[in-house]
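A.B. asks: This is a predicted model, with the sequence first.
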Amino acid sequence: MASFTERMASAFILWLAVCLSGSWAVDRGNFKTCDQSAFCKRQRALKPTESPYRALLETMELTNTRLTLQLINDNNKVRLLLELYRLQGNITRVKINELKPLKPRYEVPDVLIREPPTEPLSLLSQDENGVVLSLGADSQRVIVSARPFRLDIMEGREVLMSLNSRGLLAFEHLRIRKDTFSYKVTSTVASVWDNIKRVFSSQAEPEAENKEEADQTNQAEVAKEEGEKVDDGMWEETFKSHSDSKPNGPSAVSLDFSLPGVEHVYGIPEHADTLRLKTTDNGDPYRLYNLDVFQYELYNPMALYGAVPVMLAHNAQRTTGIFWLNAAETWVDISSNTAGKTVFGKMLDYVQGSSETPQTDVRWISESGIIDVFIMLGPTAKDVFSQYASLTGTQSFPPLSSLAYHQCRWNYNDQEDVKAVDMGFDEHDIPYDFIWLDIEHTDGKRYFTWDPHKFATPKEMLQGLMDKKRKMVAIVDPHIKVDSSYKIHNEIRSRGYYIKNKDGGDYEGWCWPGSAGYPDFTRADMRSWWASMFAYDQYEGSMENLYTWNDMNEPSVFNGPEVTMHKDATHGDWEHRDVHNLYGFYVQMATAEGQIQRSGGVERPFVLTRAFFAGSQRYGAVWTGDNAAEWDHLKISIPMCLSLGLVGISFCGADVGGFFKTPSSELLVRWYQTGAYQPFFRAHAHLDTPRREPWLFGPENTALIREAVRQRYTLLPYWYLQFYHTHRTGEPVMRPLWVEYPQDPATFALDDEFLIGRDLLVHPVTEEGARGVTAYLPGKNEVWFDVNTFQKHNGAQNLYIPVTMNSIPVFQRGGSIIPRKLRVRRSSTCMEHDPYTLYVALNPQRTAEGELYIDDGHTFNYEKKEFVHRRLSFVSNILSSVDLAPDAQFTTPSWIERVVILGASKPSNVTLKTADGQESQLEFDFDSSMSVLTLRKPGMNAGADWTVTLK
């Protein structure tokens, strides 16, 4: 029985959380604007001008792998070190740091999968104005201009990107605080000592003259620094009742990038905004600072739970990318010379022969660290995906079951509740794979434990799910209840693994358990220990079908500034301000490693995280956080997940139905229909909302939800293939249309429809009371087939589609072959050996191609070449299956039970030829009204060679 004190603490925490949520609406006053963030306000006050920085060409050193060059700020004489690298795969890396900092500045570790391999740089020309370096292929080169410093990347005569062209490079050097007593004493002693040395300098040898000049230069630097204005917030900053001591003083860095010819930029999630990023001239910049934001507002640049500092720029000729590797609070300003122009204004420019080239300018501002930027030069979007993947890795290959449907709420009450919900899915013939437990399943919010009364026999519960080939996810948050009777807390404290406060004690804040400590996941030994806690003999009650959810890992601190940790907390030698956006990345890393270790390295993990950073794709899935049961939140889930996919995180979804508030039955159905076609498919709801299992809204709505979920299960072979591809290439699973149609401007800003891979186009219904939607079908000379009616439509058109409540507008691209499994069972694992149906959609040239990928669905054995990977093609009236991995070894009992060919002609006969040379005639049906040919029960093994010939 929980003590009275414990119950009261829990009640207070719940009250505090509701207060922070502003009665289920974000209180913007809890979160800073740029004007309230001292470094952002300071840097944004700098306007485009001639840069004070110049390159000291005489300091240039060029080796086979890099160029180094000193920069000097003529205002304060502080020197910086520029490093320039040409990396494999058409990437240029630019690093700028202080030449001689007072102490090391933070450089982000662990995000890059390796030290990026370099390629030779060669000097093309040099004079007093600058240097020109070759980047190798396609006459690409870098021009480094000396006065003022500027860097241009060119291809032929075209400027691809310019750095510091607007003079906004800023680098706040570390310095000693000058308004302290100790500084004044030190300065006085130093001044006296300089005078004493000067008395004897007349007897110095001639070579000492250079030394004297250097001393005078140093004095000039000091004098210049003495004259620098000390702004509010440079050495201490207050927000609401919270103070940030800033012991290292101002340390912000900033750099501008100009993108000639570009009007569309994307990325830098996480923001609840449109896919195409907006200009920020008349408001705040986009903010990247991981925060726990209750029921966030839409269509603004406020920070949310995760931060990926990657931006893509696209026009009809080229796609490029910028990866700003900095984990501190970051703001991104975007401006454009065409922003605000109407279509008429642009036409007027054209008629009048205006020669103004469209240009987007981007400025990155970070609170600390160094400038470390990777410029990905494409030239195609898929090249950029590959380039970014070569730096930070690809999406982890998830267990197949995790691509199926997940049922969650805060909270399923006890084991009986879990059992009843599980039975409810069977009774209503709705498949699901995972049921989830939120924080109430624990013993008093002590993670890695179970409530001894409500979940007294967790293994019995898990075994019941396993008997049905189902699984469970339980939450494990990174705030640890401060309680001397709690094993996890005692171990972390005794090992010294907690983050420290500015005074050196263990940092404590308020979260769900009450007073909580926060493990320092930036430490490799802490992560290793955390991983060991997932072992079956450590995590009591756990089994192999229990997986993990990391929430609140921004980290969330209810009584902290902006509901997060104080920036002057410490992680060893570093302040929290330096590492903040990495915290959730490290939590998920350690948790995923724990799941892998518990199986002896055999089983793939599944870990969901709320906070993330560049590289988080390597460790699992993310979701869009605490959304609301509102139509606009349904709509925004599409651009939010599209933005994440563009920067490597493909395994994304939103809480189906909305976390806060109560959806109407229409909204709930439409959300299931949308979520069924997004990568991570989970329903979730707040503690205070009415129950909303799929069968609680009447038989008609139950049937609609059942159909949406079943559509997801039939397409699991295609989803799994797409995740295999993203794991290999970095290409997003859910992708904007412009990725596949890069020269079609009509696709550049579309974010109410999307592609899954190349071959499925989805335009969900996201308007209340909709009677129709207008979908853009791309591709001149292409065709698209409605997957429900098989009706054929031409590409490059806006198609109006009448809809009813059971409509999910989905189209298959002509020229593609998509495998499905039509025998839907209670879970994906139950369907493992079921047969496939191939949907062959012919293009106008009457050809099609696709792939089929099969492995065991849950282990790492695919890395040992234990899989089936087939190329399916239809050419010259012959459908064939060819092995794409002849060195792979895997057998499957699954077979092909049906082939549906869309856009076909009626054959006189159909012949199957198998690998052993045997031929047989196949039965077929032909629907002449829709030109659909169906081959029934051809029966060939899904992993074998075969051909089907139409005559």
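C.D. replies: Received the coordinates, thanks. In this text, all values refer to a predicted model and were calculated from it rather than measured experimentally.
A.B. asks: give me the low-pLDDT residue ranges for this structure?
C.D. replies: Counting by pLDDT under 70, the chain shows low-confidence ranges at 1-24, 137-138, 180-230, 339-355.
A.B. asks: looking at it, residue 893 is touching residue 832, isn't it?
C.D. replies: No. Assessed by Cβ atoms under 8 Å, residue 893 is found out of contact with residue 832, at 9.1 Å. Bear in mind the C-beta positions are built from the backbone N, C-alpha and C, glycine included.
A.B. asks: Tell me which of the two has more neighbours.
C.D. replies: Neighbour count, other Cβ atoms under 10 Å: between residue 893 and residue 832, residue 832 has more, with 19 against 11.
A.B. asks: mind listing what the more buried one touches?
C.D. replies: Contacts for residue 832 (Cβ atoms under 8 Å, 6 or more residues apart in numbering) come out as residue 857.
A.B. asks: Against residue 868, how distant is it?
C.D. replies: Separation of residue 832 from residue 868 (Cβ to Cβ, to the nearest Å) stands at 13 Å.
A.B. asks: Check residue 322 too.
C.D. replies: Applying Cβ to Cβ, the value for residue 322 to residue 868 is 39 Å.
A.B. asks: Pick out whichever of the two has more residues nearby.
C.D. replies: Legend: neighbour count by other Cβ under 10 Å for residue 322 and residue 868, higher for residue 322 (24 against 21).
A.B. asks: tell me, how many neighbours does the nearest residue to residue 107 once chain neighbours are set aside end up with?
C.D. replies: Sequence neighbours aside, residue 370 is the residue nearest to residue 107 in space, at 5.9 Å (criterion: Cβ to Cβ, 6 or more residues apart in numbering). Using other Cβ under 10 Å, residue 370 has 23 other residues around it.
A.B. asks: What of the one 5 residues further on?
C.D. replies: Applying other Cβ under 10 Å, we find 22 residues neighbouring residue 375.
A.B. asks: thought it was touching residue 94?
C.D. replies: Yes. The pair residue 375 / residue 94 is scored as a contact, 6.9 Å apart, by Cβ under 8 Å.
A.B. asks: Give the buried residues for stretch 718-728.
C.D. replies: By neighbour count on 16 or more other Cβ atoms under 10 Å, the buried set for stretch 718-728 is 718-727.
A.B. asks: And stretch 899-912, by the same measure?
C.D. replies: Buried residues in stretch 899-912 (16+ other Cβ under 10 Å): 899-904, 907, 910, 912.
A.B. asks: Make CSV out of those and add secondary structure.
C.D. replies: Listed next are those as CSV, based on DSSP: H, G, I helix; E, B strand; the rest coil:
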residue, secondary structure
899, strand
900, strand
901, strand
902, strand
903, coil
904, coil
907, coil
910, strand
912, strand
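A.B. asks: any idea how far residue 598 is from residue 586?
C.D. replies: For residue 598, the distance to residue 586 - Cβ to Cβ - is 19 Å.
A.B. asks: er, residue 795 I mean
C.D. replies: Taken as Cβ to Cβ, the span from residue 795 to residue 586 is 45 Å.
A.B. asks: and the two? which has more neighbours close in?
C.D. replies: residue 586 (26 against 22).
A.B. asks: Work out for me the element the more buried one sits within.
C.D. replies: Counting by DSSP states H and E, the element that carries residue 586 is helix 583-598.
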